[in-house]
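[1] next comes the sequence, and after it the predicted model I'd like to discuss.
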Amino acid sequence: MLDNIRVVLVNTSHPGNIGGAARAMKNMGLSRLVLVEPEDFPSSEAVARASGATDVLDSAQVVGTLEDALAGCTLVLGTSARDRRIPWPLVDPRECATLALEQVAQDGEVALVFGREYAGLTNEELQRCQYHVHIPSDPEFGSLNLAAAVQVLVYEVRMAWLAGQGRPTKREKLETTAMLNAQLATADELERYYEHLERTLVEIGFLDPAKPRHLMSRLRRLYGRAAVTRLEMNILRGILTETQKAVASQTNKRSED
Ligand code: SAH
């Protein structure tokens, strides 16, 4: 998933910063580095600063223009050391990470674009970005080292990614629903349902445990004929749970009166 987020460094002068950015990326689980006209690359200084993240450097894509770097991207976020150069949708790194992960969850491709050490990104470059990202640093000394700025952003991406771990994506949810819809409820699920149904019928006073007659076996026959799917079973269980809650709250009310 994080493979769909690329870090784009524009016209970097110091190879050490490229290495530092590669290390920051690998630390946070990102691997796609794109370099637009780097001044000095490949370089031993980049390798030294990458400190083991040489695979990120080795697979880095070197391109001639920002346009080439952004090919295939559905969301482009450009970083800027100054907070309001041109009026543009402005986000902080945390919001940036949320946007980026929302985009990759929908199979989009995201670029985080970083500028030159001395001059940042040009206005024209910034206008290629849907959002500007500003790290809310002290305005008296607001410009971070390039690799440090990369670190801040990719850290936020990782935090947002970790927060989403274990939570099913939209597609997974749809797949689960389709699956539950297609599968019949199993014998043990039906059995649990009958137990739940019986408890609820007793709670609402429909079934007298002292005189059960043939109610449960008749209901079993009815549900057995219906070929209930797992999704339908979940709905039926949900209805029982809500019925029980409603009965419990009425009983509580009466005892308060
Ligand atoms: N003198 C330049 C500084 C560029 S710093 C300028 O004022 O634009 C190099 C790069 O690091 C920037 O282009 C940006 O990508 C990133 N960067 C540095 N400080 C940042 C901050 N506070 N917020 C967002 N990005 C920052």
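    Structure received. Source: prediction; values computed, not measured. Numbering: from 1, shown residues only.

[2] elements contacting the helix or strand that E191 is a member of?
    Using DSSP states H and E, E191 falls within helix 187-203. Applying 3 or more CB pairs under 8 Å, 6 or more residues apart in numbering; DSSP states H and E, one finds that helix 187-203 contacts helix 215-226, helix 230-256. Using the backbone N, CA and C atoms, a C-beta is placed for each residue, glycine as well.

[3] by contact count, what packs against the helix or strand of the chain with the lowest mean pLDDT?
    Across the helices and strands of the chain, mean pLDDT, DSSP states H and E gives its lowest value to helix 170-182, namely a mean of 83. Secondary-structure packing of helix 170-182 (3+ CB pairs under 8 Å, 6+ apart): helix 230-256.

[4] can you list the buried residues in the helix it packs on?
    Buried residues in helix 230-256, counted by 16 or more other CB atoms under 10 Å: 230-233, 236-237, 240.

[5] tell me how this structure divides into domains.
    Domain assignment for the chain by automatic domain parsing gives 2-165, 178-256.

[6] can you tell me which of those the model trusts least?
    Among the domains of the chain, domain 178-256 carries the lowest mean pLDDT, at a mean of 92.

[7] what parts of the stretch 51-200 of the chain come near the ligand?
    Residues of the stretch 51-200 of the chain lying close to the ligand (CB under 6 Å from any ligand atom) are 79-82, 114-115, 117-121, 133-135, 137, 142-144, 146, 149.

[8] which residue ranges of the stretch 1-150 of the chain form helices?
    Remark: helices assigned in the stretch 1-150 of the chain by DSSP state H, counting those that start in this stretch are 15-27, 44-50, 54-58, 66-69, 93-105, 123-126, 146-164.

[9] pipe those into a markdown table and attach mean neighbour count and distance to F206 per row.
    A markdown table is the format used below for those (neighbours: other CB atoms under 10 Å; distance: least, CB to CB, whole Å):
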| stretch | mean neighbour count | distance to F206 |
| --- | --- | --- |
| helix 15-27 | 24 | 61 |
| helix 44-50 | 18 | 71 |
| helix 54-58 | 17 | 66 |
| helix 66-69 | 18 | 68 |
| helix 93-105 | 20 | 45 |
| helix 123-126 | 14 | 68 |
| helix 146-164 | 20 | 44 |
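
[10] got the angle between the helix holding E191 and helix 215-226?
    Helix 187-203 runs at 140 degrees relative to helix 215-226, counting by axes from the mean of the first three to the mean of the last three CA atoms, to 10 degrees.

[11] how about helix 187-203: buried residues?
    189-190, 193, 197-198, 200-201, 203.

[12] ok, stretch 122-136 next?
    By 16+ other CB under 10 Å, the buried positions in stretch 122-136 come out as 125-126, 128-129, 131-135.

[13] now A24. Nearest residue, chain neighbours left out?
    Nearest non-adjacent residue to A24, counting by CB to CB, 6 or more residues apart in numbering: Q151, 4.0 Å away.

[14] ok, now which ones touch the one you found?
    Going by CB atoms under 8 Å, 6 or more residues apart in numbering, Q151 touches 20, 24, 27-28.
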